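Enquirer: Fold the following.
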Amino acid sequence: MKRIFIVNSDPQVCTAIHKAITAVPHVAFFAFDAVNAISEARTCQPDLIIVDFRLPAGDGLMVVERLRALSGFRWTPIIMIAEREARLEARRILDAGANAFLPKPLSRDLLLQHVGRLLPAEPPQGTWLDSVQAG
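Expert: Alright, predicted model coming up:
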């Protein structure tokens, strides 16, 4: 099961994103501001991070830059979501280390497409090969 970390100041948006990606077996973790995002990410060690551009106590760009500076998050996929006006910031967002930039309003299909592309598939569980190797 994948660990997905959602950072957004609105708990309802966090819940909506969590529900939108139910096609991917996952456990969701949440943070609601930039400062807590860094410490919570260290605690939950996510497989994927979805972060909003606008956050209290900093912004999503700061979160991405600080996480990328930590060796444990150098390769963790990060999706940044932002208002359409922030498209002008897309280059800065990607240069900071985000793997994808998605404009609001967030399209469920586009979100799932990027989540599927960025998260490695889980190996199948309980295959016949597992029982042969165990025996």
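Enquirer: distance between the ends of stretch 78-96?
Expert: 10 Å (C-alpha to C-alpha, to the nearest Å).
Enquirer: SS state for the most centrally placed residue in the chain?
Expert: Centroid-nearest residue in the chain: I49, 1.9 Å away (criterion: C-alpha atoms, centre = their mean). Per DSSP: H, G, I helix; E, B strand; the rest coil, the local secondary structure of I49 is strand.
Enquirer: Contacts only, for the residue lying closest to H114 once chain neighbours are set aside.
Expert: Take H114 and drop its neighbours on the chain: the residue closest to it by C-beta to C-beta, 6 or more residues apart in numbering is A100, 4.7 Å away. Using the backbone N, CA and C atoms, a C-beta is placed for each residue, glycine as well. With contact set as C-beta atoms under 8 Å, 6 or more residues apart in numbering, A100 has these partners: 77-80, 114, 118.
Enquirer: where does A100 fall, phi/psi-wise?
Expert: phi -150, psi 150 (degrees, to the nearest 10).
Enquirer: Same check on A28?
Expert: Here A28 shows phi and psi, under degrees, to the nearest 10, equal to phi -100, psi 140.
Enquirer: how many neighbours does it have?
Expert: Neighbours of A28 under the rule other C-beta atoms under 10 Å: 18.
Enquirer: now the helices for this protein?
Expert: For the chain, helices defined by DSSP state H occupy the ranges 11-20, 34-44, 60-69, 90-96, 108-118, 128-134.
Enquirer: Could I have the CA atoms of stretch 110-120 written out in CSV?
Expert: The C-alpha atoms that make up stretch 110-120 are tabulated as CSV, following Å, rounded to 0.1, in the frame of the first residue of the first chain:
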residue,chain,number,x,y,z
LEU,A,110,-5.5,14.4,-14.9
LEU,A,111,-4.6,13.9,-11.2
LEU,A,112,-5.0,10.1,-11.6
GLN,A,113,-2.9,10.1,-14.8
HIS,A,114,0.0,11.8,-13.0
VAL,A,115,-0.4,9.7,-9.8
GLY,A,116,-0.3,6.6,-12.0
ARG,A,117,2.7,7.9,-13.9
LEU,A,118,4.7,8.9,-10.8
LEU,A,119,3.9,6.0,-8.4
PRO,A,120,5.6,2.8,-9.2
